[in-house]
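Participant: Please find the sequence and the predicted model below.
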Amino acid sequence: MLRTIIGKVKKKTKPFEEWQEKTKFIWGIKSQDDPSDSESNLYTMNDFDIVYDRDRQVYRMGVETIYQFENGRKSEQAYIKNIFDKFTVWMQKQGYNTKLKLSLSDIFTTGMNVNSEFESIERLYAGYKLLVYGFIMEA
């Protein structure tokens, strides 16, 4: 019986183990709601994070959207802008280019969004910058 249980647990955790092996945590902003004492990592609740997919050789970002803000849209915009500002500081400290511009095709043909995959951290930053300013400046 115990072998059966162990076998079922191993089968269920295998996809997670495979994901762990192919995913590298790059950087993140740990959420204030995360109860752990650790720095931002792959297993913490993060307001923002960047991971690298080793198999596909692409970068992805994640933005926490679970929050309900008291001041509505203005607070949502401030939250997203605050993340962007911290991301910018990190980019500059790491020596990454924060002036990269994406092409017309990058933006309108590939369907860029927060779930997009990027070939570099600079392209990810440029994409997030467009999303942030589009969200803040919307009419």
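Facilitator: Structure's in. What do you need? Source: prediction; values computed, not measured.

Participant: so who does Gly28 touch?
Facilitator: Each residue near Gly28 by C-beta atoms under 8 Å, 6 or more residues apart in numbering is listed here: Ser40, Asn41, Thr44, Asn46, Asp47, Phe48, Asp49, Ile50. For every residue, glycine as well, the C-beta is placed using N, CA and C.

Participant: filter those to the buried ones?
Facilitator: Neighbour-count burial (16 or more other C-beta atoms under 10 Å) applied to the contacts of Gly28 gives Ser40, Thr44, Asn46, Asp47, Phe48, Asp49, Ile50.

Participant: Redo the residues you listed as JSON lines? Include secondary structure and distance to Gly28.
Facilitator: Conversion of the buried ones among the contacts of Gly28 to JSON lines gives the following (DSSP: H, G, I helix; E, B strand; the rest coil; distance: C-beta to C-beta, whole Å):
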{"residue": "Ser40", "secondary structure": "coil", "distance to Gly28": "4"}
{"residue": "Thr44", "secondary structure": "coil", "distance to Gly28": "7"}
{"residue": "Asn46", "secondary structure": "strand", "distance to Gly28": "4"}
{"residue": "Asp47", "secondary structure": "strand", "distance to Gly28": "8"}
{"residue": "Phe48", "secondary structure": "strand", "distance to Gly28": "6"}
{"residue": "Asp49", "secondary structure": "strand", "distance to Gly28": "3"}
{"residue": "Ile50", "secondary structure": "strand", "distance to Gly28": "7"}
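
Participant: Which pair of these spans the longest distance?
Facilitator: Pairwise distances across these (C-beta to C-beta) peak at 13.4 Å, for the pair Thr44 and Ile50.

Participant: For the residue nearest to Arg54 when sequence neighbours are not counted, which residues are in contact?
Facilitator: Using C-beta to C-beta, 6 or more residues apart in numbering and skipping the chain neighbours, the partner closest in space to Arg54 is Lys22 (4.8 Å). Contacts for Lys22 (C-beta under 8 Å, 6+ apart) come out as Asp53, Arg54, Asp55.

Participant: right, and the helix or strand after the worst-scoring helix or strand of the chain on mean pLDDT?
Facilitator: Among the helices and strands of the chain, helix 2-22 carries the lowest confidence by mean pLDDT, DSSP states H and E, at a mean of 59. The helix or strand immediately downstream of helix 2-22 is strand 23-30, counting by DSSP states H and E.

Participant: Much appreciated, bye for now.
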